[in-house]
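**Student:** the sequence isn't on hand, but the structure is:
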């Protein structure tokens, strides 16, 4: 059951309602990101803003904390396990990996959809470095799109 909207005052003096922006999914090169649960505040005049200005930074930090990333050595061929250092020789598979975190208005869930590779030595699944490299762009783009879509729904 969704939580009831929270009402606060907008910078224009009108009452504003806090709600969850629509889910956004975007793809860049080696990865796709689905972002759900971003809280926005909007007023009747159409002003829309993020409830948590740091949501993009916090989403990227949650992804970094929740996903192991393979290492790409400079001189040797082949990615290495980000945990034990073994050469990653098993084929990768595309998978959805949600990495939820708490925000001031509930739970935000960035879901990384990218190739994950299992280490043949320790068995840990990890994100390919190419996929990790595009995540800052994806997170920022998804937050901006969620804000834009929330503005369309309020206007």
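**Tutor:** Right, received. Where do you want to start? Keep in mind it's a predicted model, so treat the numbers as computed, not measured.
**Student:** which strand or helix spans residue 61?
**Tutor:** helix 55-66 (DSSP states H and E).
**Student:** other residues contacting that helix?
**Tutor:** Under the contact criterion Cβ atoms under 8 Å, 6 or more residues apart in numbering, helix 55-66 has outside partners 35, 38-39, 52, 97, 99-101, 103, 108, 110, 112, 135-136, 139-140, 143. C-beta coordinates here come from the backbone N, C-alpha and C atoms, glycine included.
**Student:** stretch 135-154 now?
**Tutor:** Stretch 135-154 is contacted from outside by 19, 21-28, 31-35, 38, 40, 42-43, 46, 48-50, 55-56, 59-60, 63, 110, 112, using Cβ under 8 Å, 6+ apart.
**Student:** which of those residues count as buried?
**Tutor:** Burial by neighbour count, judged by 16 or more other Cβ atoms under 10 Å, picks out 19, 21, 24, 26, 31-35, 38, 40, 42-43, 48, 50, 55-56, 59-60, 63, 110, 112 from these.
**Student:** check what pLDDT the residue nearest to the spatial centre of the chain gets.
**Tutor:** Closest to where the C-alpha atoms of the chain average out (Cα atoms, centre = their mean) is residue 110, at 3.2 Å. For residue 110, the pLDDT comes out at 98.
**Student:** for residue 60, same thing?
**Tutor:** Looking at residue 60, its pLDDT reads 96.
**Student:** likewise for residue 29?
**Tutor:** With respect to pLDDT, residue 29 scores 88.
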